[in-house]
Structures are given as structure tokens and as C-alpha cells.
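>>> Need a 3D model of the following:
(chains A and B, ligands or ions: 1)
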Amino acid sequence: MPSLFDKIWDAHVVRDLGDGWALLHIDRHLLHDLSGPPALQAVADRGLALANSDLVFATPDHAVSSAPGRTGMTFPTGGRLWSALRDLTASMGVRLFDLGQSGQGIVHVMAPELGIVQPGVTLICGDSHTCTNGAIGALAFGVGTTESSHALATSTLRMQKPRQMRIVIDGPMGQGVTAKDVILHVIGHLGASAGVEHAIEYAGSTIEALEIEARLTLCNLSVELGARSGVIAPDEKTAAYLEGRRFSPKGAQFDAAVEYWRTLRSDADAVFDREERFDATQISPTVTWGTSPEHAISIEGRTPDLSAVQDAVERQALQTALDYMGLAAGTPIAGARIDRVFIGSCANSRLSDLRAAAALAKGRKVASSVTAWVVPGSQSVKQDAEAEGLDRIFLDAGFEWREPGCSMCVAANGERAAPGERVVSTSNRNFVGRQGPGARTHLASPAMAVAAAVTGELFDVRKL
Amino acid sequence: MQPFTVLTGPAAPMMLPNVDTDVIIRIERLTAGDREALRRHAFEALRYRPDGSDEPGFVFNQPPFRGAPILLAGPNFGCGSSREGAVWALQGMGVRCVIADGFGDIFYSNCFQNGVLPIRLPEPEVVKLAALAKDAAPMTVDLKAQTVTLSGAVVAFDIDPLRKEGLLQGLDDVGLSLLQMDAVRDWQARDRVARPWVWAPVQRAPAADPIRS
Ligand code: SF4
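Predicted coordinates for the structure are as follows:
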């Protein structure tokens, strides 16, 4: 009867607080340069120590520069946060994976890569895309600063059990379609608030067929549905992915863990508060046209036809989004001229993403009007990509090859688009000003980003 | 934390859907680390014109709504990033209560950590209140009674009892949870036996394993 979510939740209840509230044990806690220092400082200010510093892992990603040859001070404003993270992790006994060290990277790229996350654990970070780690079969969710400091001081959180929603996706994905297209399609159909107050489980043959890195991409955008977490049941691929990673269990413990992980799936009669089904064969390469991830349409689609929208408030909101994006209503999205391409972020900066992008970039050239960046998600992704010669392919095609971090996903590090510039980005948020004031973001897969880079416009990768 | 009991003042209607925390406060303003300055930067993309002057269409720039303590918002307010600075920025502007048909989950939790009351009401109710609030008549939010009163209209709202108690008393979760540390340690001792694979791989020998690996 219990769902996967129930099984993980129930196993972590330290104390039932009534009314659906529980004091929930937190097994893994990630810190980054933006939310880590204030959370650690709040604990120190109370004169407290960390309850279990072994369970806490830190890395700088948000406010550091991604420029080749960067140091922590290349972006000076972020340098203050970077040195605060270094000082506080050192004085409070937290492992830090610092710039230039193996393990550094975007927090949601490095955690799976190092085996910090494993099926059945609870994992938090002061970052909403912590839901990414649900792809490994963990209950992973973002928290605010106060919640983060609560967990640092007690290894627990006070949580109210959310409702549950299952999204079932079946069928093979078509040519040019990736996990990113699938999740954008789902958000476009269900809306940016469909998952509010819910924990999501993804299931179905499409999900089972996805490799782990693609599952990480899919779960990454759970929060763009409004959900705090999105989980996928662990399977043999999950175990194979984790085996031999730095913080994965070893030897007999690994075998025992795998046995336990096999129990982590929703029972056949598990009940969900909401269930949605999708047919993957109906999904095309997908991009966003507007300022919410729910503004997702097929690359063959058109911006909304406002005359068909009855509700005045909704029509006004769509008009505002179109105006911001500099697009007319009811026009084809393909063909819009672009200025920048950003391949990176915790959604799409893993080795498989860079391989897919490089395969298309090889022998082609970035359009002369376009500035295109590739920002690997972690130090290890960068090294692996360079060992395969992907950096050469990108550089030869006219892309910049940069250092690991959040970079232009968030523009907290001095890296941003100019007002009015149109960006095709493999990140997860196309909010107003997300990539810089006035910047216009179109979310897409790495393959679609390369197609845009080389043609200079939003372009259907299947026609390249 | 400042307790929340009864709040009276103008309610500013801003009915855009899906207002995300990037719009409430840009991340660059948080990297600067000046919490006091957040007040000036709240909603900056909507609030100022490109030349830095006030955007007259933005509701908090209209004289009756300057410093309004209540915000009537569109659905899914505070979606997106987990940044608690979004709540601090709203507080900096003087907002202590937000009423909307749904909130971003993390934003919703963050409000309670800072003495801000987020009230969930169905969209038609919020639209009705927004219409009544247009002339800046004072609204009263009574947390204990769980009512919103405006120009004779009384609207009841639901709130989780534990959250309500925390706000009414200005209670701090950390202090409460620290009292439970014996139970936490017991749970951990049992879990180390039941799931050693969760604990052993990350455990450090105090001297052997450098903090910075
Ligand atoms: S890459 Fe973007 S979405 Fe991911 S953690 Fe960094 S800022 Fe957040």
C-alpha cells in the first residue's frame, strides 16, 4: 500500500508531531556559497555546533566566476561569499570541495557524481533544485536558510507530509527528444503550480528507459511544476551508476544496500492524490516562449493566440510575457533570431549532455551573431570531457569552454545577458531577469541549444 | 521572531500569476549581503523604470499603498528559487501578510520562519478582496480568529494549527527541536545498525581524513 515516498518518509520519522507533522531525520545536507554561509553563521551565532558534520558537504558554485583561469575572487562580490564558505566550513568541520579540487561543481551535479546521495536517504540543500537528486531514489528537497540552519543544528527538520502525485510517462521518445523536452512538455501541459504541496513520483516505461543522467535532468525541473521533490524508483541502473563512487557503500555494505534499494518502489496498490499520464511518442523537441517554464511549446508550435483567451487577467499576463520576450502573439516560435547560447546548469551540464551537444557541434560553426558558452557542471565533468576531446570540438566550433559553476543560469556571478538579448539556455528557469535584467530566455535541451547556436535562430534540431 | 496576532492596514492588489522569487528579489542583491538594502530592491523589475525612477503602475508606488502591510497576490506566488531573501525583502517593504491562491512550497515555509503570514484562499475570493481593496480601505487580518475583514466582508481562512501556534507566539523551531536531541540520537543509533551503508561511507576518522578532500 505505501508509495516509494511513504517508505522513505516513514523510515525517517524521529517523532510524530501530530496533524501530519513529523520531526524528520535528514541524512545528507549540501551547502553552496550562496545559502551555505548564512545557514552556518546562524548556527554559530547561537553558539551551537553541527549535530553531524559528517553528513554535510559544501562546494562553491553560484557566485563564482566561470571564466577560464578563474579564482574565488575573479567575481569580487561572490568572493566574499566564497571566502565565508571556506572559513565557516573549516571552523565548523564541514567537508568542502573547493575550486580546482576534484568534487567541486554545481551542488546538484557533484552530489550524485560523488555518491553522496543514494536511494532511500533524505537529502536537503538551501536550493530549490535539490529535487534533482530524487532521480537516484532519494527524498531530496530544497529548504530556506532558517530550515537549513535548523537541520545543521539538529540533523532534522519539522515537516508536514505533502500530498502525492504520480506522473506516468510511457512509450519511446522520438528523434531529437530528450529528458529535457519531456519534462518541459509535462510542465507546459500541467502548469507551473500543478505540483504545489505535492511530492511527485515519475514512473512508466519512458522513465525506466532513461539513463541516470537523463533522470537527473527530468527530476531537476520538478520544482518548476511547483513540487518540492520528484523521485524515481531506484533500479539496476541506479545501483550500477553508484557502484565505486567516492561516498558510495563498498563491498558487503554495497550488496546489502542494493538489497534494500530493491524494496524502494511504490506498492502496486499505492494510492496517489493525483495521477497524470503522458505518451512520450507525442512529444517533440520543446522550447519555452515566455517567462514561466509552463510557457513550453513544441518547436513547431506558435506563441499563444490571445484572441482565443477568454479570461482578461490571463490574457493580460500572456501579453506581458510576450512583450517582455519581444514576440508577437500567434507566430511560429522557430526562426526567432537569437544572440546567445548557454549550455550548462544543474539541468543539463553532465557528461552525457556535453556529448550530445558536441556530437552536433562537430564540424559546424556557431553563427557569427551568436555568443555561445559551454559550462561543465563539475570539475569531474570538465576533466572527463577534456579527456574525450569535447572541449576541442566546442572550441573549434566557436563555443567558449569555461570552468564549472552555475554561471549564466542565474546571473549571480557577473555572467549575464544584456537587456533585450535573446538566449537559448539549457537551464531550468526563464523568469523575468533570471539571466540578467531584460534578458530573454528560451529553455531547451543541449541538442536544441546547439541547433540554435549554429543557425542563429530557434531551430528544430531534427532538421539540422 | 515577532509574533503575528492581528494586522490592520491597506492591502495592495497585485494579481499577476506565478510571481517568482527572482522577481521578488534578484539574486545579485542577495550576494551583496546587505539585508537592510533588500527593501529598496524588492520587486525592482516591476517597481522601477529603466532610468531608476518609480514605475507609476506598480501598486506599492501608488500613495495609498506605500508601505501597505498586506499583499493580495495572484496564484502560485513565490514560486521558484528557495531564497529566504524573498521573504526578507517583502518584510523590508513592510509586508507581513500575503494572500493568494497558492504559494511556492518553500516560500510558504520560509514565511513562517520569519513571522510573515501567508494565507491561502481560492482565486475568486482573492479577486473579490482585490476589488474591495482598490481604494486602500484598511483590511484586518486576525490570525487567532482566522478571518480577513474588509469593508464589511468577512472571509475565513484555513491554516495548519501547528503553524498558527508558532506564528501567534513567535516560536522558534530550532529551540523546540533541540529539546528532542535524545530522540534524534536514539534514532541515529538504531539507523546505524539498520542501514550501515548510509553512515559508513561518509564517516570520518577524526584525524585521518582531511576536511578539504
Ligand atoms: S545551475 Fe542554476 S538552477 Fe542549478 S543550482 Fe545553480 S543557479 Fe540553481
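>>> what about residue 182, which helix or strand?
All of this refers to chain A. helix A:179-190 (DSSP states H and E).
>>> not what I meant, chain B
If you go by DSSP H and E, residue B:182 is part of helix B:181-194.
>>> Contacts for the helix or strand that comes right after that helix, please.
Scanning forward in sequence from helix B:181-194 by DSSP H and E, the next helix or strand is helix B:196-199. Contact with helix B:196-199 is made by A:27, A:54, A:118, A:120-121, A:249, A:253-254, A:256-257, A:260, B:191-192, as judged by CB atoms under 8 Å, 6 or more residues apart in numbering or on different chains. Yep, even glycine has a C-beta here, placed from its N, CA and C like the rest.
>>> who wins for most neighbours among those residues?
Across the contacts of helix B:196-199, the neighbour count under other CB atoms under 10 Å in any protein chain shown reaches its highest value at residue A:118, namely 30 neighbours.
>>> how close does that one sit to chain B?
When CB to the nearest CB, to the nearest Å is applied, the distance between residue A:118 and chain B equals 7 Å.
>>> That residue falls within a strand, correct?
No. Secondary structure of residue A:118 (DSSP: H, G, I helix; E, B strand; the rest coil): coil, not part of a strand.
>>> residues contacting it?
Residue A:118 sits in contact with A:136-138, A:242, A:248-249, A:257, A:261, B:197-198, where contact means CB under 8 Å, 6+ apart.
>>> What of residue B:24?
Neighbour list for residue B:24: B:42-43, B:78, B:86, B:89-90 [criterion: CB under 8 Å, 6+ apart].
>>> Next, count neighbours for residue 160.
I'll assume chain A. Using other CB under 10 Å, residue A:160 has 15 neighbouring residues.
>>> looking at chain B here, not the other one
13.
>>> Pretty sure it sits against residue A:161.
No. Judged on CB atoms under 8 Å, residue B:160 makes no contact with residue A:161 at a distance of 11.5 Å.
>>> Mind listing the shared neighbours of these two?
With contacts taken as CB under 8 Å, 6+ apart, residue B:160 and residue A:161 have residue A:21 as neighbours in common.
>>> any idea what sits nearest residue A:59, other than its immediate chain neighbours?
In this structure, residue A:59 finds its nearest non-sequential neighbour in residue A:97, 4.3 Å apart by CB to CB, 6 or more residues apart in numbering or on different chains.
>>> again but with residue A:425, I slipped
Counting by CB to CB, 6+ apart, residue A:425 lies nearest to residue A:342, which is 4.3 Å off, once chain neighbours are set aside.
>>> Next: residue A:337.
residue A:457 (5.3 Å).
>>> and the gap between the one you found and residue A:128?
Note on residue A:457: its distance to residue A:128, by CB to CB, to the nearest Å, is 31 Å.
>>> Which one of those two is surrounded by more residues?
residue A:128 (27 against 18).
>>> per-residue confidence for residue B:210?
At residue B:210, the predicted lDDT confidence score is 49.
>>> which strand in the chain runs the most residues?
Assuming you mean chain A. Using DSSP state E to define each element, chain A has its longest strand at strand A:163-170.
>>> try chain B instead
Scanning chain B for the longest strand, with DSSP E as the assignment, gives strand B:6-14.
>>> With adjacent residues omitted, what lies nearest to the closest residue to the ligand within chain B?
Nearest to the ligand in chain B, going by CB to the nearest ligand atom, is residue B:81, at a distance of 7.3 Å. In space, not counting the residues next to it along the chain, residue B:81 is nearest to residue B:21; the distance is 4.6 Å by CB to CB, 6+ apart.
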